[in-house]
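>>> Need coordinates for the below:
(one chain, ligands or ions: 1)
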Amino acid sequence: MAQFSFKNISKVYFGENTPAVNNVSLELEEGEVVGVIGPSGSGKSTLIKLIGGFIPSDEGEFFYENKNLPPVEDLLIPGFEGVKYLRQDFKLDPNDTVGRRLKFALRHYDEDFAEERYTELIELTQLGGFENKLCKLLSGGQRQRLALAVSIAEFPELLLMDEPFSQLDRGNKLRLINALRDYLSENNISSVIVTHHPEELFGLADRIIVLREGQIIQEGSSNEVYFNPNHKITAELFGPVNWFPNGAEKNYGWRWEDTFLYSSSKDGLKEATVKDLSFAGKTNLYTLKMDESILHAYSEKKFANGQIVWVDFDKSKKLNVRI
Ligand SMILES: Nc1ncnc2c1ncn2[C@@H]1O[C@H](COP(=O)(O)OP(=O)(O)OP(=O)(O)O)[C@@H](O)[C@H]1O
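Numbering: from 1, shown residues only. Below you'll find the model as predicted:
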């Protein structure tokens, strides 16, 4: 039995003609983490607000363990009690300290348990050393980590996160994602996370749903949506692709990282000319002209501008999509 299920939800904002969310259904098993990704304006934030009961839907039904949840308008405080919503502009009292705010979130527990949780959460969100700092003096990333600690302090039944790591540097983000994944799974907390960054979903989500113009266009594991995107839009959400036409409504192609360059000719490979190169860390990013197409590829090899190279693609990673 699904823990939460949302059936045929739609939302048209006041004064708008097109729905921000259009007939979306979603089920969440207990402890499942679902990632929502999609182009800007595709309805991700609206969907998470509808799920959390923070805005009313025009249509749709909401179930918790098969029991119908009342419409948002009927609740004094919007939202279901066990739902925590972590959003980018999470409200923190500027004159509270980190420690006080977190202890306040733990006030319902007995002293020993609250202390244990406090230490655990400070460690998880790497806020040790900042406990006495005022919220107004925290950096964006520190605020975001405190907001996360507060959101999970009381073991929510459903944790909704909208771009929860947007202020964190990559190293901190990846460490936090790993720790959070273990935490959610150990405590069987269901979660929906909205983000523009696939690496955040790959690290956390059991299932990814792809939204476009308010509708789900694909749903699957990280592996499925990354390797078998059904639409050009889905493919490009996970990184750039070298595309080739395949009839009027289709493209085939390979991701930039599945495109390889050689300095000498090999059987069956096509020639291309290096048009530009830029530093990309471990590799260089090359821009190439092959026939009439412009391609891109990463390579650790050094090629010069104007040099002729030979291009190969990882055949097993070929993408076939609708456009
Ligand atoms: N309060 C509102 N009133 C009217 N239209 C809105 C409102 N909030 C969002 N929209 C519109 O609804 C659509 C979906 O917006 P939403 O914020 O859910 O998208 P998103 O996928 O989260 O976008 P982004 O990735 O840019 O944050 C957009 O066209 C947006 O302009």
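
>>> which residues in the protein form helices?
Using DSSP state H, the helices assigned to the chain run over residues 44-52, 98-105, 111-124, 140-152, 170-186, 198-204, 222-227, 232-237.

>>> For the last one, what is the distance to the chain centroid?
Between the mean C-alpha location of helix 232-237 and the chain-wide mean there is a distance of 14 Å, by CA atoms, centre = their mean, to the nearest Å.

>>> Sheet partners, orientation included, of the helix or strand of the chain with the lowest mean pLDDT?
Between all helices and strands in the chain, the lowest mean by mean pLDDT, DSSP states H and E belongs to strand 67-68, at a mean of 76. Sheet pairing of strand 67-68 (DSSP bridges) gives strand 59-64 (antiparallel).

>>> what comes up buried for the strand it pairs with?
Within strand 59-64, the residues scored as buried using 16 or more other CB atoms under 10 Å are 60, 62, 63, 64. C-beta coordinates here come from the backbone N, C-alpha and C atoms, glycine included.

>>> what's in contact with the least confident helix or strand of the chain?
Applying CB atoms under 8 Å, 6 or more residues apart in numbering, the external contacts of strand 67-68 come out as 61, 62.

>>> got the contact list for stretch 165-176?
With CB under 8 Å, 6+ apart as the criterion, stretch 165-176 contacts 88, 124-126, 139-141, 143-145, 148, 177, 195, 197, 199-200, 203.

>>> Need the buried ones from the residues you listed selected in ChimeraX.
Buried subset of the contacts of stretch 165-176, written as a ChimeraX selection, criterion 16+ other CB under 10 Å:
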select :124,125,126,141,143,144,145,148,177,195,199,200,203
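
>>> Please state the offset of stretch 240-252 from the chain centre?
The answer for stretch 240-252 is 25 Å, by CA atoms, centre = their mean.

>>> first vs last residue of it, how far apart are they?
Start and end residues of stretch 240-252 are separated by 13 Å (CA to CA, to the nearest Å).

>>> so residue 33 makes contact with residue 202?
No. With contact defined as CB atoms under 8 Å, residue 33 does not reach residue 202; the gap is 11.4 Å.

>>> Looking at the two now, which is surrounded by more residues?
Using other CB atoms under 10 Å as the criterion, residue 33 and residue 202 rank with residue 33 on top: 24 against 17.

>>> Give me the nearest residue to that one, chain neighbours excluded.
When the adjacent residues along the chain are set aside, residue 33 lies closest to residue 191, with 4.6 Å between them (CB to CB, 6 or more residues apart in numbering).

>>> Surely that neighbour and residue 162 touch.
No. Using CB under 8 Å, residue 191 is not in contact with residue 162, being 11.7 Å away.

>>> Counting neighbours, go ahead and name the busier of those two.
Legend: neighbour count by other CB under 10 Å for residue 191 and residue 162, higher for residue 191 (25 against 21).

>>> Against the ligand, how distant is that one?
Noted for residue 191: a distance of 17 Å to the ligand, by CB to the nearest ligand atom, to the nearest Å.

>>> Over to residue 213?
From residue 213 to the ligand the distance is 9 Å (CB to the nearest ligand atom).

>>> Next one, pLDDT for the spatially closest residue to that residue that is not a sequence neighbour please.
Closest residue in space to residue 213, ignoring its immediate chain neighbours: residue 42 at 6.3 Å, by CB to CB, 6+ apart. Turning to residue 42, the model gives it a pLDDT of 96.

>>> Numbering from 34 from now on, please.
From this message on, residue numbering opens at 34, which makes the last subject residue 75.

>>> give the contact list for residue 75.
Residues near residue 75 by CB under 8 Å, 6+ apart: 244, 245, 246, 247.

>>> The third one contacts residue 55, doesn't it?
Yes. At 7.1 Å, residue 246 and residue 55 qualify as touching, with contact defined as CB under 8 Å.

>>> which other helices and strands contact the biggest strand by length in the chain?
The longest strand of the chain (DSSP state E) is strand 303-313. Strand 303-313 sits against strand 316-323, strand 326-332, strand 341-346, with contacts defined as 3 or more CB pairs under 8 Å, 6 or more residues apart in numbering; DSSP states H and E.

>>> Present those strands as CSV; the columns should include mean pLDDT, mean neighbour count and distance to residue 133.
Converted to CSV, the helices and strands packed on strand 303-313 look like this (pLDDT from 0 to 100; neighbours: other CB atoms under 10 Å; distance: least, CB to CB, whole Å):
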stretch, mean pLDDT, mean neighbour count, distance to residue 133
strand 316-323, 96, 18, 47
strand 326-332, 95, 18, 48
strand 341-346, 96, 19, 57
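
>>> For residue 39, find the nearest of those strands.
Of all the helices and strands packed on strand 303-313, strand 326-332 sits nearest to residue 39, with 39.0 Å by CB to CB.

>>> For the closest one, which outside residues touch it?
273, 275, 277, 289-290, 292-294, 305, 308, 313, 316-322, 344.
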